[in-house]
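Student: Sequence unavailable; structure follows:
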């Protein structure tokens, strides 16, 4: 019989030989949605460290008596601060952070805690918006009301340390000490270790097709607190509202009716998506596909590649299709393909993996560089920022916004030979900024009036750094 752990209401000193699980400083590029640089309260630190240590120590341990931790004042307050830092638009009720702060944060959090404690909390409908994608399509994003967002963040603060102990190293998304860069580096490491055949997999609407019953089984494998399970079911079944072009609001209950789909954009969805993808990876291992075919998985959210040794990529693709079908997930057959390196090339998380040539010796090696799509996306972002409808903006603010975009791009794209991409983006940015200033001030003689030195030395525009053509990890 599985033993259950009751987490103490006031965790003791968790530092007795236990590695602290919490973070006070976010170092990866993708952590803005999480804790950022907020100071984690002592209660939350000790709670997270205790939960993670217990989960890591015993893989069969199941947790109950967690619900009261979610509405504990320290947890709710920290959850609110995390959501406040991440900003975000209002949900279907129109309530903003300014509204909450005018009303009184302490009173607002107290009322939320009371609703959770008394069992009267019910999530409100999620507002759906569509975010443009580089291919011209859109990605649906679910914007929960702030009350639901804070509640989900509080649940994540409690549940994430438990499930983090179970996630395999193949998963790199939304995790401590792992990110998109670590996934890219892992793929490169496999390529240079003899894994030359690649399954470049693509899933159709992963977040929209995750089945609720199977997902809840993954949650219940660790969590037996009925109130926590009820909360998650409520969030999964929340109605969705979408404003149509004619101004009418369409409400749907497709998630509840079809028993599938999790809204992208909610604080809890990254954890749930990782939990369900874990089933695929653990199935892959339990069937010994990795050993039989020499096929290694690298996963980031719904992005997936399988690196194979020998000539087993076609068998690995068939095995992947079979497992995904059992999990009720759909493989996009048009985009899923096989690639043999170094003759071929493929894109993963914004990078292109291909045969490159050393700038010094001209010898070939397998490496990465920013993909054409990533460069085009950055160029389009600069173009929109410096368009004519932005002529009202002060030059200093314009440069500040451009610097935010340039800084974020270069912080991520630092792997492999990047100097050529940097110089191209630098030239495009100064050209667009020069044109924008001349139109703003109705001037001619663009080059003479605004040389590059003016942007870099006087306005403070970022110039993307000159980096080595080949970084140490990317050696042939």
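Tutor: Thanks, I have the structure now. Predicted model only: the values in this text are computed from it and were never measured.

Student: okay, CA-based contacts and neighbour counts for the rest of this
Tutor: Fine.

Student: And the lengthiest helix in the chain, what's buried?
Tutor: Counting residues, the longest helix in the chain under DSSP state H turns out to be helix 419-441. Neighbour counts over helix 419-441 (16 or more other Cα atoms under 10 Å) mark 419, 421-422, 425-426, 429-438, 440 as buried.

Student: for stretch 99-108, same thing?
Tutor: Quick answer for stretch 99-108 (16+ other Cα under 10 Å): 100, 105.

Student: same deal with stretch 438-457?
Tutor: Here stretch 438-457 shows 438, 440, 450, 452, 455 as buried, counting by 16+ other Cα under 10 Å.

Student: ok, now which ones touch the second one?
Tutor: When contacts are counted by Cα atoms under 8 Å, 6 or more residues apart in numbering, residue 440 is found next to 391-392.

Student: Against residue 387, how distant is it?
Tutor: 10 Å (Cα to Cα, to the nearest Å).

Student: Domain parsing of this protein, as residue ranges.
Tutor: 42-166+211-260, 371-459 (the TED database).

Student: weakest of these in terms of mean pLDDT?
Tutor: Here the domains of the chain differ in mean pLDDT, and the lowest is domain 371-459 at a mean of 89.

Student: any idea how far that one is from the chain center?
Tutor: Distance of domain 371-459 from its chain centroid, counting by Cα atoms, centre = their mean, to the nearest Å, is 26 Å.

Student: gap between the two ends of it?
Tutor: 30 Å.

Student: just the strands in the stretch 1-150 of the chain please.
Tutor: Ranges of strands in the stretch 1-150 of the chain, per DSSP state E, counting those that start in this stretch, are 4-6, 62-64, 126-132, 138-143.

Student: right, so of the ones you listed, which gets closest to residue 160?
Tutor: Nearest to residue 160 among those is strand 62-64 (12.6 Å), distances taken as Cα to Cα.

Student: Mind giving me the packing neighbours of that closest one?
Tutor: strand 4-6 (3 or more Cα pairs under 8 Å, 6 or more residues apart in numbering; DSSP states H and E).

Student: Just the mean pLDDT for the strand it packs on, thanks.
Tutor: On average, strand 4-6 scores 48.

Student: Comparing the strands of the stretch 1-150 of the chain, which comes out most buried?
Tutor: Highest mean neighbour count of the strands of the stretch 1-150 of the chain: strand 62-64, a mean of 19 (counted as mean count of other Cα atoms under 10 Å).

Student: rewinding a little: I'd like the buried residues of stretch 438-457 as JSON lines, with distance to residue 404 appended.
Tutor: Below are these laid out as JSON lines (distance: Cα to Cα, whole Å):
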{"residue": "438", "distance to residue 404": "22"}
{"residue": "440", "distance to residue 404": "21"}
{"residue": "450", "distance to residue 404": "21"}
{"residue": "452", "distance to residue 404": "19"}
{"residue": "455", "distance to residue 404": "15"}
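
Student: Which two of the residues you listed have the greatest separation?
Tutor: 440 and 452, at 17.6 Å, using Cα to Cα across the buried residues of stretch 438-457.

Student: What residues does residue 204 make contact with?
Tutor: Contacts of residue 204 (Cα under 8 Å, 6+ apart): 329-332.

Student: Reformat these as JSON lines; add neighbour count.
Tutor: Formatted as JSON lines, the contacts of residue 204 follow (neighbours: other Cα atoms under 10 Å):
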{"residue": "329", "neighbour count": "20"}
{"residue": "330", "neighbour count": "17"}
{"residue": "331", "neighbour count": "19"}
{"residue": "332", "neighbour count": "14"}
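
Student: for those, which one is nearest residue 312?
Tutor: Among the contacts of residue 204, and counting by Cα to Cα, the member closest to residue 312 is residue 331, at 18.9 Å.

Student: mind listing what that closest one touches?
Tutor: 201-204, 321, 324.

Student: And for residue 386?
Tutor: Per Cα under 8 Å, 6+ apart, neighbours of residue 386: 398, 432-433, 436.

Student: Check residue 292 too.
Tutor: By Cα under 8 Å, 6+ apart, residue 292 has no neighbours at all.

Student: What strand or helix carries it?
Tutor: helix 289-293 (DSSP states H and E).

Student: Quick one: mean pLDDT for that helix?
Tutor: On average, helix 289-293 scores 94.

Student: List the buried residues for that helix?
Tutor: Going by 16+ other Cα under 10 Å, helix 289-293 has these buried residues: 289-290, 293.

Student: name the helices or strands packed onto the next helix-or-strand element following it?
Tutor: Next in sequence after helix 289-293, counting helices and strands by DSSP H and E, comes strand 295-300. Applying 3+ Cα pairs under 8 Å, 6+ apart, one finds that strand 295-300 makes contact with helix 180-191, strand 303-308.

Student: Name the residues that touch strand 295-300?
Tutor: Contacts of strand 295-300 (Cα under 8 Å, 6+ apart): 170-173, 179-180, 183, 186-187, 281, 289-290, 304-309, 312-313, 316.

Student: Same check on stretch 117-129?
Tutor: By Cα under 8 Å, 6+ apart, stretch 117-129 touches 68, 71, 91-92, 112, 115, 140-145, 148, 234-235, 238-243.

Student: I'd like to know which of those are part of helices.
Tutor: 68, 112, 115, 148, 234-235.

Student: Select only the buried ones of those in PyMOL?
Tutor: To isolate in PyMOL the members of the ones in helices among the contacts of stretch 117-129 that are buried, counting by 16+ other Cα under 10 Å, one can use:
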select buried, resi 112+148+234+235
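
Student: Can you tell me which of the ones in helices among the contacts of stretch 117-129 is closest to residue 82?
Tutor: When the ones in helices among the contacts of stretch 117-129 are compared against residue 82 (criterion: Cα to Cα), the nearest one is residue 148, at 13.3 Å.

Student: measure residue 414 to residue 357 for me?
Tutor: Applying Cα to Cα to residue 414 and residue 357 gives a distance of 17 Å.

Student: neighbour-wise, which of the two wins?
Tutor: For residue 414 versus residue 357, neighbours defined as other Cα atoms under 10 Å are more numerous around residue 414 (20 against 17).

Student: Three-state assignment for the more buried one, please.
Tutor: coil (DSSP: H, G, I helix; E, B strand; the rest coil).

Student: List the backbone torsions phi and psi for it.
Tutor: phi -130, psi 10 (degrees, to the nearest 10).

Student: and if you look at residue 104?
Tutor: Dihedral angles (degrees, to the nearest 10) for residue 104: phi 120, psi 110.

Student: For residue 233, see how far away it is.
Tutor: In terms of Cα to Cα, residue 104 sits 30 Å off from residue 233.

Student: got it, and residue 74?
Tutor: 24 Å.

Student: for residue 352, same thing?
Tutor: Distance from residue 352 to residue 233, by Cα to Cα: 39 Å.

Student: ok, residue 461 - contacts?
Tutor: 399-400, 402-403, 455.

Student: tell me the SS of it?
Tutor: coil.

Student: What helix or strand is residue 316 located in?
Tutor: helix 313-326.

Student: Would you indicate which residues of that helix are buried?
Tutor: Buried residues in helix 313-326 (16+ other Cα under 10 Å): 313, 316-317, 319-321, 323-324.

Student: quick one: which two of these are the most distant?
Tutor: It's 313 and 324 that sit farthest apart of the buried residues of helix 313-326, by Cα to Cα, at 16.2 Å.
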